Structures are given as structure tokens and as C-alpha cells.
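**Student:** Give me a model of this one.
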Amino acid sequence: MDLEKIEVLDRSQNNRGLWSDKMQNYLLLKHGGGYILGVIPRPNPSVDPSSAAHWNLNNLCIIAALRTRSSPEEQEFLRTYSNAYLAWDALKSRHEKVGPIAQKLTIHAKNEGKVVRKMPPL
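**Tutor:** Here you go, the predicted structure:
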């Protein structure tokens, strides 16, 4: 799987579900999925400076991958994040807020002009 083949995350397209599945699989295959899942803690730099430096580099590469496959609006949103797990979680929260609103607008558009009758109580 190539990073370039993952569609761009776009809030206006409400495509986070598919995007996150593909991105998570890609990162897991590249041994970076643990960073977005929060299961790879940052080593203590005073105890193991080399491992902490490697963790920092891997973490930043993962954030770069997230931004690379994101719309300009999402790239700007991710700009303030320096922790892949927090960035992943923030994207999830940000897009969960869009889903129900987008769904209501779609239902409204489909029902526009139609008379909707309420069912009588049983």
C-alpha cells in the first residue's frame, strides 16, 4: 500500500471513516500504527536519549503522513499538533461532529418538498 493511494481527508466530503481505516492500516504496515493508537510511549530522554530521539522522529513522520493525505483545511488544523496520538484523536473528534450534521442535511434535502406524515401513537 502506498501513501499516495490513500484519498485526501476532507471534512467537506465527510470521508474520515474510509480515510482513517486506510491510514491506520498503512501506518500499522509501516510499524507506526502504535503511535496513533497511543500504545508506544515516549521513552524518558534522561534515561534513554537515543530511543527518545527516535520516538520523536517517528512521531513527527507520522504527523507528516497525516498532513500529506489531508486537505489544506485539515493540514492547518493539524499544524499545532506535535503528538501523533493526540492529532489522531483530535481528528476523530473533529469529524464526528460533522457526521450527524451532514446526515441531517442529506435527509432534509431528500425530504424537501415531500409531505411527511407522522404515524399515530400505538
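**Student:** residues contacting the residue most central in space within the chain?
**Tutor:** To find the centre residue of the chain, average its C-alpha atoms and take the closest one (Cα atoms, centre = their mean): that gives Leu91, at 4.3 Å. Under the criterion of Cβ atoms under 8 Å, 6 or more residues apart in numbering, the neighbours of Leu91 are Leu9, Arg16, Ser20, Leu66, Glu74, Phe77, Leu78. Glycine gets a C-beta too; all of them are placed from N, C-alpha and C.
**Student:** Gly34 too?
**Tutor:** Shown here is Gly34, whose contacts under the criterion Cβ under 8 Å, 6+ apart are Ile40.
**Student:** which parts of the host helix or strand of it are buried?
**Tutor:** Applying DSSP states H and E as the criterion places Gly34 in helix 33-37. Along helix 33-37, the positions that meet the burial threshold by neighbour count (16 or more other Cβ atoms under 10 Å) are Gly33, Gly34, Tyr35, Ile36.
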